[in-house]
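> need a structure here:
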Amino acid sequence: MINVLLICSQGASTSMMCKKIKQEAEKNGVEMNVKAVAIAVANDYILGSNIILLGPQIRYMKQKVQDASGSIPVLDIDMQAYGMMDGSKVYKQIMENLK
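From the prediction side, this is the model:
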């Protein structure tokens with residue numbers, strides 16, 4: 001099981017992205033738990049994640065999140081993929097970074 005944490009300013013817009021990523025994982029036969037949270041509560045969810053993705057609106061906080069997450073990879077969600085809600089592209093980004 002791959003645990004993915006998506007963080008954005010409020011957690012609302014990334015919840016739609018979560019659904020798209022989960023659908024892509026299911027299509028590929030990959031067990032993936034994807035959760036979206038607001039940056040204000042992100043520290044409560046970091047442990048147990050295999051990878052963390054940041055929404056474009058908070059990518060300026062990447063270093064702070066990386067410091068809190070230790071060795072867990074922290075990535076920016078591609079702005080175009082986020083805007084288009086392209087779950088396939090973000091799923092591929094996740095899988096490439098977990099190799």
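
> buried ones in the biggest helix by length in the chain?
The longest helix of the chain (DSSP state H) is helix 13-27. Applying a neighbour-count criterion of 16 or more other Cβ atoms under 10 Å, the buried positions in helix 13-27 are S13, T14, M17, C18, K20, I21, K22, E24, A25. For glycine as for every other residue, the C-beta is placed from the backbone atoms N, C-alpha and C.

> What about this protein, which residue is the most distant from its middle?
Within the chain, the residue lying farthest from the chain centre (Cα atoms, centre = their mean) is G29, at 18.7 Å.

> Surely that residue is within a helix?
No: assessed by DSSP: H, G, I helix; E, B strand; the rest coil, G29 does not belong to a helix; its assignment is coil.

> do you know how far it is from I21?
Applying Cβ to Cβ, to the nearest Å, the value for G29 to I21 is 14 Å.

> cool, and K35?
11 Å.

> Name the residues contacting each of the two.
Common neighbours of K35 and I21 (criterion: Cβ atoms under 8 Å, 6 or more residues apart in numbering): V4, L6.

> Let me see the ranges of the helices in the protein.
So, for the chain - with DSSP H - the helices run 13-27, 62-69, 79-83, 87-97.

> and the angle from the last one to helix 13-27?
With axes from the mean of the first three to the mean of the last three Cα atoms, to 10 degrees as the basis, helix 87-97 and helix 13-27 are set at 70 degrees to each other.

> packing partners for helix 87-97?
Helix 87-97 makes packing contacts with helix 13-27, strand 51-54, strand 74-76, helix 79-83 when contacts are defined by 3 or more Cβ pairs under 8 Å, 6 or more residues apart in numbering; DSSP states H and E.
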